[in-house]
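*Asks:* A predicted structure for the sequence below; I have some questions about it.
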Amino acid sequence: MELELRHLRTIRAIADAGSLTKAATALGLAQPALSAQLRRIERSLGGTLFERGRTGVRTTALGELVLDRARVVLPAVHELQQEAVRFARTGAPHGPRTPLRLGGTHGPLLGGLVDRLAAADPGVAVVTHTSWSEREIAASAAEGRLDYALIGACGESAPPGSGTLAWTEVARDPVFVMLSTDHPLAARSGIELAELAAEAWTDVPGDGCFADCFAAACVRAGFTPACVYETDIASCVHLVQVGRAVGLCRATFPDTPGMVTRPLVGTPLVWRHLLGWHPEAPAATRAPDVVGHVRAAHNDAVGRSASYSRWLTARAAVLHNAVEGADR
């Protein structure tokens, strides 16, 4: 793992807070997730950065060295970002058109957004960057390295960079389960989470709270997942197709040979699609158009998912009947 700016921010936050619990709250992370991240950072740097005690944490000699460098690097990068934004805003208005820089996590919306932007304005080049880390994408937008961040958030959790970036909710989807076409429950229209208690699971990694929310939903359903494979999308699909695991996916996940997607009864997990940008960046003037393109791309993705379309139709019927019953 290569050391990144977000890792330096994490180290500084832990040192400033004096405890992992307080730092996790400040960073919007679950404490176990922050501990795991710190262990990865320490392995990358070759030693322990903090000594844990009953009253909190204390920096080691190596930790002090890294903190000294972080206190120089982070303000310098922030100053560079501000200077770059000011330069971009005062650049020649009739000069060459700069590329539109998009960042996103795994999912169908980034490709759909690129397609729609290219069709709407062929004269503008589009540059993309992808990462499994929502925080990395958001930090890149906050630091001026990306114009727009297209990420997801679990349930009602706040997106990263909430104090710096402007965020708009593009869409809200239930989380579905992926099953092999040979799975005994594959023919069902809806599946109780508890019915999958004995299964191994697969999902893509992320640094938000989704893993914790999934674990909590399983506990409410009466079990703890025995095994969760965190891997890339292609590997998740393969594990499901061969019957090695069941998977979690957004409801817009496209139909794929050898597997089906099915809703979880009661919608225990929800995924929100979010678009963020720096409100003072030059590209912010295009935000309404970009939001419209993302929402159109989401509608396209919904139309390509037969299982999601059926779920939406059934849900609309239930709501219609409820309204009619209330009017009687």
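*Replies:* Cool, got the structure. What you see is a predicted model, and the numbers here were worked out from it, not measured in a lab.
*Asks:* Against A142, how distant is N299?
*Replies:* 29 Å (C-beta to C-beta, to the nearest Å). C-beta coordinates here come from the backbone N, C-alpha and C atoms, glycine included.
*Asks:* Settle it for me: which of the two has more neighbours?
*Replies:* Using other C-beta atoms under 10 Å as the criterion, N299 and A142 rank with A142 on top: 21 against 12.
*Asks:* so the more buried one sits right up against W277, yeah?
*Replies:* No: under the criterion of C-beta atoms under 8 Å, A142 is not in contact with W277, lying 9.6 Å apart.
*Asks:* Tell me the buried residues in stretch 296-309?
*Replies:* 297-298, 301-302, 305, 307-308 (16 or more other C-beta atoms under 10 Å).
*Asks:* Give the single residue among these positioned nearest to T168.
*Replies:* T168 has its nearest neighbour among the buried residues of stretch 296-309 in H298, at 12.3 Å by C-beta to C-beta.
*Asks:* ok, and the closest non-adjacent residue to that closest one?
*Replies:* For H298, ignoring the flanking residues on the chain, the nearest one in space by C-beta to C-beta, 6 or more residues apart in numbering is A171 at 4.4 Å.
*Asks:* Can you list the strands that the helix or strand encompassing the one you found pairs with?
*Replies:* Using DSSP states H and E, A171 sits in strand 166-180. Strand 166-180 sits in its sheet next to strand 246-250 (antiparallel), strand 259-263 (antiparallel), strand 270-277 (antiparallel), going by DSSP bridges.
*Asks:* average model confidence for the last one?
*Replies:* Summarised as a single mean, pLDDT over strand 270-277 is 94.
*Asks:* Could you list the residues in contact with it?
*Replies:* By C-beta atoms under 8 Å, 6 or more residues apart in numbering, the residues outside strand 270-277 that reach it are 107, 109, 138, 141, 147-155, 159, 161, 165-175, 210, 250-251, 283-284, 287, 290-291, 294, 298.
*Asks:* try stretch 173-189
*Replies:* 191, 195-196, 236-237, 240-243, 246-253, 258-264, 267-273, 307-308, 310-311, 314.
*Asks:* Which strands and helices lie in contact with whichever helix in the chain runs longest?
*Replies:* Identified as the longest helix of the chain according to DSSP state H is helix 61-89. For helix 61-89, the contact count by 3 or more C-beta pairs under 8 Å, 6 or more residues apart in numbering; DSSP states H and E identifies helix 5-17 as packing neighbours.
*Asks:* element containing the spatially most central residue of the chain, please.
*Replies:* Per C-alpha atoms, centre = their mean, the C-alpha nearest to the average position across the chain is that of G152, at 3.8 Å. Here G152 is covered by strand 148-154, with elements defined by DSSP H and E.
*Asks:* Nice, that's everything, thank you.
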